[in-house]
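**Q** The following comprises the amino acid sequence and a computationally predicted model.
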Amino acid sequence: MEVVNVELGARRYPIYVGAGCLRELGTRLAETGCGAGVAVVTNSTVADLYLERTLASLRDAALVPTAIHIPDGEEHKNLAWLALVYDKLIDAGVERGGAVVALGGGVVGDLAGFAAATYLRGVPCVQVPTTLLAQVDAAIGGKTGINHVAGKNLIGAFAQPRFVLADVETLRTLPRRELTAGLAEVIKYGVILDPALFELIEEQLPAVQRLDRDLMVRIVRTCCTLKALVVGEDETESGYRAILNFGHTVAHALESLTEYKEYLHGEAVAIGMVAAVRVSRRLGFCDDGDYQRVRTLLERCGLPTEVPADLRGEPLALAMRTDKKAHGGSIKFVCLEAIGKTRFERLTCDEIAKNL
Ligand code: NAD
Ligand code: GLY
């Protein structure tokens, strides 16, 4: 098992990455000195696959786990299901010294992480991500929260987990489309921060898609290292952490225009990254070679790369203007200079839309 540390002073924590390491969850949690009463928050799909072995690992370490189920789906990342989680935590008698284990993808991780951050004014949370997107992104960095009818992730808190445990073997049961969407976020790290990671995916894509065990441990560990560096530098996104929003301006606009029904998040990010590189090329920041490399790799993964014709121009500009990160019609846009090198540019939403 590999270990990457998120360096946040007193709130420093490890990310464990391995193949088959779920069985070590109980030992790792017991090592933190946590009390016996722990709650495992998960959803119905993940429960069928991994709950029994998760509970067994916790019991083997003399912990006393209770399972809390929420239904599968982004539409359940809301106040009603959060309230149910609070009820179950109270029923189970989970105490301050206990812990909440989030077992699942980013939906479970965000909701359970927020429950842990607020229940009893905060109990320790452990993230056990089971999607590629959650292993390389959502489980790390302490962004927790739920959706509101007025928008995604409008209610939440920064609350770092006690540790993250990513078992790449759990990715074997992930639907292919989800895996591919997660790959878009992996490629994002390569594009913005790590040319060697980008090249590795270019060269080893078939092995990645076969989920070669050693390769997946290496890739997830590399992404965790990169995210840990960014979070260690700017925990609450006062500046540098916004680099992770590369491709996300257009992605969020597309998701909102299609009411979150058309694209998985990673798919929208793939389109958004190509759009961001195209804008960067038009503005003279990067060359055509880099544009082609990014686009080709995403296409080889089977990801979409084009904004649909009916959403280009004004609809897209309007959706970007209503993004919570836009101010006065402009946005701090992450542009590409070269693979592994970015720059922030304040661009108007019209300028972005017209340069696509
Ligand atoms: P998800 O949690 O909905 O999981 C995707 C699907 O895969 C679900 O149906 C889930 O039940 C299923 N699944 C999970 N693990 C599985 C496994 N091992 N085998 C089979 N099926 C499995 O989606 P996601 O892409 O993991 O996360 C998206 C969420 O993450 C969004 O709510 C987004 O806002 C949030 N997010 C948060 C952060 C953050 O920093 N906190 C970052 C990115 C995204
Ligand atoms: N997913 C982007 C971030 O954690 O900042």
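**A** Noted; the coordinates are in hand. Ligands and ions are numbered 1, 2, ... in the order given.
**Q** residues in the protein within reach of ligand 2, list them.
**A** Proximity of the chain to ligand 2 (Cβ under 6 Å from any ligand atom) is limited to residues 137, 141, 143, 237, 241, 244. C-beta: built from backbone N, CA, C; applies to glycine.
**Q** Export those residues as TSV, with columns for secondary structure.
**A** Below are these laid out as TSV (DSSP: H, G, I helix; E, B strand; the rest coil):
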residue	secondary structure
137	helix
141	coil
143	strand
237	coil
241	helix
244	helix
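**Q** contacting residues for residue 235?
**A** 8, 141, 142, 158, 160, 241 (Cβ atoms under 8 Å, 6 or more residues apart in numbering).
**Q** nearest spatial neighbour of residue 257, skipping sequence neighbours?
**A** Leaving aside its chain neighbours, residue 257 sits nearest to residue 319 (5.0 Å; criterion: Cβ to Cβ, 6 or more residues apart in numbering).
**Q** For that neighbour, grab the count of nearby residues.
**A** By the criterion of other Cβ atoms under 10 Å, residue 319 has 22 neighbours.
**Q** what do you get for residue 191?
**A** 28.
**Q** Assumed it was part of a helix.
**A** Yes. With three-state DSSP as the criterion, residue 191 is part of a helix.
**Q** Please verify my assumption that it contacts residue 198.
**A** Yes. Look at residue 191 against residue 198 with Cβ atoms under 8 Å: they come within range, at 6.1 Å.
**Q** So which residues on the stretch 201-350 of the chain come close to ligand 1?
**A** residue 265.
**Q** can you give me the strands in the stretch 201-350 of the chain?
**A** Here the stretch 201-350 of the chain has its strands, by DSSP state E, counting those that start in this stretch, at 330-338, 341-348.
**Q** Which helix or which strand is home to residue 80?
**A** Element membership for residue 80 (DSSP states H and E) is helix 79-92.
**Q** list the buried ones in that helix?
**A** By 16 or more other Cβ atoms under 10 Å, the buried positions in helix 79-92 come out as 81, 82, 85, 88, 89, 92.
**Q** Which residue does the stretch 251-356 of the chain have closest to ligand 1?
**A** Going by Cβ to the nearest ligand atom, ligand 1 is nearest to residue 265 of the stretch 251-356 of the chain, at 5.6 Å.
**Q** Just list the residues touching that residue, thanks.
**A** 133, 181, 251, 255.
**Q** tell me the SS of the nearest residue to residue 165 once chain neighbours are set aside?
**A** Leaving out its chain neighbours, the residue that sits closest to residue 165 by Cβ to Cβ, 6+ apart is residue 16, at 4.6 Å. In three-state terms, and counting by three-state DSSP, residue 16 is strand.
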